[in-house]
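[1] give me a model of this one.
(one chain, ligands or ions: 1)
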Amino acid sequence: MLKELVLKNRSYRGYDKSVKMSREDLLDLVDLARLSNSSMNRQALKFHIATDEKEVEEIQKLTGWARRLPELNLPYPGTEPVAFIIICVDTSIGSKAAFQRDVGLTAEVMLLGAVEKGYGGCMLGTFKRGELIKLLNLPDNLDPDLVVAFGKPDEKIVLTEVGEDGNTSYYRDEEGKTHYVPKYKLEDILI
Ligand SMILES: Cc1cc2nc3c(=O)[nH]c(=O)nc-3n(C[C@H](O)[C@H](O)[C@H](O)COP(=O)(O)O)c2cc1C
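    Predicted coordinates for the structure are as follows:
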């Protein structure tokens, strides 16, 4: 069951925009983050939920997708995400560096929750931080560390094995539709 969710939990960069996500759907995901493990149990993360169409559009403009396939300009027009959650570190609780692991694990649990609900998403570490702070009108103590996109996935992603050349770059077929993601074999990552 968990393995099934993990396998389905790919980084989707194309969505069916006719399928919206409600604020309640996103609240359920943040609630999973709230209940997750937390370094020293300091619970230093705060979450901005964006489901409003105009706001989602504005956030989308500040994000960078698939830097390894820059020529494709993903997501294709009309397949952008329908929601975002922005994970911020509350620096009045501790430094951003101290809580980056927390950011990663909460992003993953929210993505798994989305997959369980029939949606999917993509973590976006590439975004225009200063402009995002302005757009969301974030107070000084909230430092955005990761943007997570959500929607109903509308693309095919296939896991493959990393070959002899050790190349881990993801790639697409000629039409740019099927997305391939090489993963190491289990024995390759054991020490
Ligand atoms: C911390 C983190 C930040 C990421 N940032 C971006 C990003 O800025 N843009 C993007 O398109 N994908 C981003 N990704 C997605 C990765 O490219 C993706 O996880 C990787 O290609 C493997 O694909 P998979 O998630 O389907 O296994 C990020 C992933 C992680 C874990």
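[2] low-confidence ranges, this protein, go.
    Residues of the chain meeting the criterion pLDDT under 70: none.
[3] centre-most residue in it?
    By CA atoms, centre = their mean, the chain has its centre lying nearest to residue 123, at 2.0 Å.
[4] name the nearest residue to it, sequence neighbours excluded.
    residue 107 (5.1 Å; CB to CB, 6 or more residues apart in numbering). C-beta coordinates here come from the backbone N, C-alpha and C atoms, glycine included.
[5] same question, residue 128
    residue 62 (4.3 Å).
[6] how far does the longest helix anywhere in the chain sit from the chain's center?
    Looking across the chain with DSSP state H, the single longest helix is helix 100-116. Centroid separation for helix 100-116 versus its chain: 8 Å, with CA atoms, centre = their mean, to the nearest Å.
[7] which strands and helices sit next to it?
    Under the contact criterion of 3 or more CB pairs under 8 Å, 6 or more residues apart in numbering; DSSP states H and E, helix 100-116 touches helix 2-8, helix 23-34, strand 45-50, strand 83-90, strand 120-124, strand 142-151.
[8] what residues does the protein have near the ligand?
    Residues of the chain lying close to the ligand by CB under 6 Å from any ligand atom are 10-11, 13, 64-66, 104, 122-126, 157, 170, 181.
[9] between the helices and strands packed on helix 100-116, which gets nearest to residue 164?
    helix 2-8 (24.2 Å; CB to CB).
[10] give me the contacts around that closest one.
    For helix 2-8, the surrounding residues in contact (CB atoms under 8 Å, 6 or more residues apart in numbering) are 112, 115, 116, 120, 159.
[11] what's the most distant pair in those residues?
    Comparing every pair within the contacts of helix 2-8 by CB to CB identifies 116 and 159 as the most remote, at 19.1 Å.
[12] just want to know which of those two has more residues nearby.
    Between residue 116 and residue 159, residue 116 has the larger neighbour count (other CB atoms under 10 Å), namely 17 against 10.
[13] residue 67 and residue 169 touch, don't they?
    No - in this structure residue 67 lies outside contact range of residue 169 using CB atoms under 8 Å: 10.5 Å.
[14] thinking again about what came up before, quick one: the residue nearest to the centre of the chain and residue 106 touch, right?
    No - using CB under 8 Å, residue 123 is not in contact with residue 106, being 10.6 Å away.
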